[in-house]
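Visitor: Please work out how this folds:
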Amino acid sequence: MQKHSTLGEFIIGHQKQFKYSSGELSRLINSIRLAAKVVNHEVNKAGLVDILGDAGDTNVQGEDQQKLDVYANDIFMETLRNRQIVCGIASEEEDDFVTISGHDGSNTNKYVVLIDPLDGSSNIDVNVSVGTIFSIYRRVTEPGKPVQKEDFLQEGNKQVAAGYIVYGTSTMLVYTTGHGVNGFTLNPAIGTFYLSHPNMKFPEDGPIYSINEGNYVHFPQGVKDYLKYCQMEEGDRPYTARYIGSLVSDFHRNMIKGGIYIYPTSSKSPQGKLRLLYECNPIAFIAEQAGGFASDGYQRILDIKPTELHQRVPIFCGSKNMVAKAEEFMRKYPQDAYYAKQK
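Guide: Below you'll find the model as predicted:
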């Protein structure tokens, strides 16, 4: 039987690919791996303990927090804070970024982490796959001083690493440091991630489109026209609709099988629903590293300059040719309210 390398072995073996190689990024990814194992353990026993349902609070976006949202956020924040390997963290569940200081009050670490601790958590009550998404940048302010908002408000093309963990029928950690995308599956018997999906690639085309069609009447006309195209009997079409409602799960399936994931603007969400920093940028970085593409309908997601920590944007992400075709339809209607505001 072929021996699969562990995540730890893979990180060490590929550390020299990283131009800032100092071991710090490797330790950071290892910390995320550790926190993911703890969260995975809690997710897998969610029906047996009092961890399901609303926590009774709302996050900064005004959304009801699930108990597992709070738990996952606490675990990732605590793990990263205690290991003293980052100088700042921003979480979808926190109002503002968190500064990490060393024992002497300073911090010379180079990296900041942005994280969505538990994407799709509203599905946990019905045993549907959920995930964690993370994004890593080098700070742009002077080392040794407290981090500032500009350390987090960087374009996605400046990410040094990004990844996600999907807690499903098996638990997988998928990540990139700008040298392709690799997936690692957790062996729960011994608590070790093994390389199971080396050099993951999006097919250039695919048979799947993923969107919440229940919001069809609220979508911009370009999206409506693209959906009609997807449903048309011609060539390899009609495509198959597959929508889980958990970004990580939908994206992961489409990367393996080929497809496009769409969360557009709508009359209910004029700016889009997903967060640029915690969801769209890391997913877009992974998509491009796997040969796919991510757009807001008109421009590359990774080129958008963030203006606020919890900024929302629309996203069209997946197989390169499918995203390009969706952009064709969107460009026929440049007057969409969201895009008019961006000019």
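Visitor: in what helix or strand does residue 29 lie?
Guide: helix 24-44 (DSSP states H and E).
Visitor: Residue 328 too?
Guide: Residue 328 belongs to helix 320-330, assigned by DSSP H and E.
Visitor: Name the residues of that helix that are buried.
Guide: Of all the residues in helix 320-330, those buried under the rule 16 or more other C-beta atoms under 10 Å are 320-323, 325-327, 329-330. Backbone N, C-alpha and C define where each C-beta goes, glycine included.
Visitor: which residues does residue 313 bridge with?
Guide: residue 274 (DSSP bridges).
Visitor: which residues does it contact?
Guide: Applying C-beta atoms under 8 Å, 6 or more residues apart in numbering, we find residue 313 in contact with 271-272, 274-276, 280, 296, 301, 304.
Visitor: Give the helix, strand or coil label for residue 117.
Guide: strand (DSSP: H, G, I helix; E, B strand; the rest coil).
Visitor: secondary structure element for the residue nearest to it when sequence neighbours are not counted?
Guide: Leaving aside its sequence neighbours, residue 117 sits nearest to residue 72 (C-beta to C-beta, 6 or more residues apart in numbering; 3.8 Å). Residue 72 belongs to helix 67-82 when assigned by DSSP H and E.
Visitor: Same check on residue 89?
Guide: strand 88-91.
Visitor: So which residues of the stretch 101-250 of the chain form strands?
Guide: Assigned by DSSP state E, counting those that start in this stretch, the stretch 101-250 of the chain shows strands spanning 111-119, 130-138, 161-167, 171-176, 182-187, 192-197, 208-210, 240-241.
Visitor: Let me know the distance separating the closest residue to residue 143 other than its chain neighbours from residue 37.
Guide: Take residue 143 and drop its neighbours on the chain: the residue closest to it by C-beta to C-beta, 6+ apart is residue 108, 4.9 Å away. Distance of residue 108 to residue 37, computed by C-beta to C-beta, to the nearest Å: 28 Å.
Visitor: Then residue 121?
Guide: From residue 121 to residue 37 the distance is 18 Å (C-beta to C-beta).
Visitor: go on, residue 9?
Guide: 17 Å.
Visitor: more neighbours, these two?
Guide: For the pair residue 9 and residue 37, the greater number of neighbours falls to residue 37 (18 against 13), based on other C-beta atoms under 10 Å.
Visitor: In contact with that one, which residues are there?
Guide: With the criterion set at C-beta under 8 Å, 6+ apart, residue 37 makes contact with 186, 191.
Visitor: quick revisit: which among the strands of the stretch 101-250 of the chain is found nearest to residue 290?
Guide: Checking those against residue 290 by C-beta to C-beta gives strand 171-176 as the closest, at 7.8 Å.
Visitor: Please save the CA atoms from the closest one in CSV.
Guide: Only the C-alpha atoms of strand 171-176 are listed here, as CSV (Å, rounded to 0.1, in the frame of the first residue of the first chain):
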residue,chain,number,x,y,z
THR,A,171,-12.5,15.7,7.6
MET,A,172,-10.2,17.4,5.1
LEU,A,173,-7.7,20.3,5.3
VAL,A,174,-7.1,21.9,2.0
TYR,A,175,-4.5,24.7,1.6
THR,A,176,-2.2,26.6,-0.6
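Visitor: helices and strands around it, which ones?
Guide: Where contact means 3 or more C-beta pairs under 8 Å, 6 or more residues apart in numbering; DSSP states H and E, strand 171-176 is packed against helix 24-44, strand 161-167, strand 182-187, strand 192-197, helix 281-289.
Visitor: Now do the longest one and strand 111-119, the angle between them.
Guide: The reference is to helix 24-44. Counting by axes from the mean of the first three to the mean of the last three C-alpha atoms, to 10 degrees, helix 24-44 lies at 10 degrees to strand 111-119.
Visitor: same thing with the fourth one?
Guide: With the same axes, to 10 degrees defining the directions, strand 192-197 sits at 90 degrees from strand 111-119.
Visitor: Start at 50, not 1
Guide: That works, and once the first residue is 50, the last one we named lands at strand 241-246.
Visitor: follow-up on the earlier one: between the contacts of residue 362, which is nearest residue 142?
Guide: residue 324 (11.1 Å).
Visitor: how close does the closest one sit to residue 204?
Guide: Taking C-beta to C-beta, one finds residue 324 at 15 Å from residue 204.
Visitor: Please identify which of those two sits among more neighbours.
Guide: Shown here are residue 324 and residue 204; by other C-beta under 10 Å, residue 324 has more neighbours (21 against 16).
Visitor: My read is that that one contacts residue 363, right?
Guide: No. Here residue 324 does not reach residue 363: they are 11.7 Å apart, not a contact under C-beta atoms under 8 Å.
Visitor: Now do residue 183 against residue 320, distance only.
Guide: 23 Å.
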